[in-house]
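Engineer: return a 3D structure for these sequence lines:
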Amino acid sequence: MKKIFFALLSCCFTLLGCKEKAKPSPLIDSDSLQAMEKSAPPAPSYKQDSEIKIIPISHATAVLEWNNIIIYVDPVGGAKAFEGQKKPDLILITDIHGDHLSLETLQELDTKRAKIIVPKAVADKIPEEFTPQIDVLNNGDSKERYEINVEAIPMYNLREEAKKFHEKGRGNGYVLNMGGQRLYFSGDTEDIPEMRNLKNIDKAFVCMNLPYTMTLESAADAVLEFQPKQVYPYHYRGNPNVSDVAKFKRLVNEGDPNIKVVQLDWYPEDDF
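Structural biologist: Here you go, the predicted structure:
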């Protein structure tokens, strides 16, 4: 009889123990989840600033600011030309000529943290001290730096008398994919098929100076074909004349009034 009693008592304790283990937490599941969410740190958010600030320096040289990234395009003019500008994170150089490549400027500026994207012909002329910073892009190549995808676009002359200035394959124009926009820098070129075939360009920086690149009529005709949302005439000082950018604007807007022609001061020390 005692054995039966103790067996029954043991079963009761076992059942009570199981009930205790199965007893729900004072917080039901949804409450528990809410408590965890309140105590956990917020997930980091990264919001890109789509605004791109464009600062003309001179001729083919510009500074871009986007999302705390600073880009120098064809930096020339020595450190003095960049007084008041932030240090570059990315440098793009289009060609070997002195209005695009200036070793003196690269050495005078604080470029230690910058990546430098260049065609091979330019890389061959840059001192070894810069080698760790250099990305060589051939026509058609692309490289992503600082969440900016850089595409190397051909730039060259078509006219027989001008082919000596810019041969095909030596230099790069660039398309920058940044902040949801596509920016095109032509470098020194004529209205080549690769330019005319560009797609979805938001801002196009297009050269026009004789005898080195192309006429403003050719530049306008190319712009009307690839239809950027905005076009910035730059690199328009020739020898001996300066291109008539007002006429360029008129030709573009007569052909397509939806293309905005933006005139910046690329020659602050001159009257034009």
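Engineer: lowest-confidence helix or strand of the chain?
Structural biologist: Between all helices and strands in the chain, the lowest mean by mean pLDDT, DSSP states H and E belongs to helix 29-39, at a mean of 39.
Engineer: using PDB, write out the CA atom coordinates for stretch 256-263.
Structural biologist: What follows is stretch 256-263 as a C-alpha-only set of coordinates in PDB (Å, rounded to 0.1, in the frame of the first residue of the first chain):
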ATOM      1  CA  ASP A 256      15.700  70.000 -78.900                       C
ATOM      2  CA  PRO A 257      14.400  72.600 -76.400                       C
ATOM      3  CA  ASN A 258      14.300  69.900 -73.700                       C
ATOM      4  CA  ILE A 259      18.100  69.700 -73.500                       C
ATOM      5  CA  LYS A 260      19.300  72.300 -71.000                       C
ATOM      6  CA  VAL A 261      22.500  74.000 -71.900                       C
ATOM      7  CA  VAL A 262      24.400  75.000 -68.800                       C
ATOM      8  CA  GLN A 263      27.100  77.600 -69.100                       C
END
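Engineer: and that stretch, what's its mean pLDDT?
Structural biologist: Mean pLDDT, computed over stretch 256-263, is 98.
Engineer: from the chain's centre, how far out does that stretch sit?
Structural biologist: 22 Å (Cα atoms, centre = their mean, to the nearest Å).
Engineer: repeat that for stretch 211-226.
Structural biologist: Going by Cα atoms, centre = their mean, where stretch 211-226 is centred and where its chain is centred differ by 23 Å.
Engineer: ok, stretch 263-272 next?
Structural biologist: 24 Å.
Engineer: who touches that stretch?
Structural biologist: Where contact means Cβ atoms under 8 Å, 6 or more residues apart in numbering, the residues beyond stretch 263-272 that reach it are 54, 56, 58-59, 232-237, 242, 245, 249. All C-beta atoms are positioned from the backbone trio N, CA, C, and that covers glycine.
Engineer: surely residue 196 touches residue 228?
Structural biologist: No: counting by Cβ atoms under 8 Å, residue 228 is not a contact partner of residue 196; they are 11.7 Å apart.
Engineer: of these two, who's got more company?
Structural biologist: Using other Cβ atoms under 10 Å as the criterion, residue 196 and residue 228 rank with residue 228 on top: 21 against 13.
Engineer: distance check, the more buried one against residue 169.
Structural biologist: For residue 228, the distance to residue 169 under the criterion Cβ to Cβ, to the nearest Å works out to 24 Å.
Engineer: so residue 121, which of the three states?
Structural biologist: Following DSSP: H, G, I helix; E, B strand; the rest coil, residue 121 is assigned to helix.
Engineer: that one contacts residue 168, correct?
Structural biologist: No: here residue 121 does not reach residue 168: they are 11.9 Å apart, not a contact under Cβ under 8 Å.
Engineer: bridging residues for the nearest residue to residue 137 once chain neighbours are set aside?
Structural biologist: Sequence neighbours aside, residue 152 is the residue nearest to residue 137 in space, at 4.0 Å (criterion: Cβ to Cβ, 6 or more residues apart in numbering). When assigned by DSSP bridges, residue 152 has beta-bridge partners residue 174.
Engineer: test my guess that residue 152 contacts residue 139.
Structural biologist: Yes: applying Cβ under 8 Å as the test, residue 152 and residue 139 come out as touching, 5.6 Å apart.
Engineer: what's the overlap in contacts for the two?
Structural biologist: Common contact partners of residue 152 and residue 139 (Cβ under 8 Å, 6+ apart): 119, 172.
Engineer: of those two, which one has the most company?
Structural biologist: For residue 152 and residue 139, the more surrounded residue by other Cβ under 10 Å is residue 152, and the numbers stand at 25 against 18.
Engineer: from residue 234, how far out is residue 109?
Structural biologist: Shown here: residue 109 relative to residue 234, a distance of 21 Å by Cβ to Cβ.
Engineer: quick check on the two: which one has the bigger neighbour count.
Structural biologist: Neighbours around residue 109 and residue 234, counted as other Cβ under 10 Å, are more numerous at residue 234. The numbers are 27 against 20.
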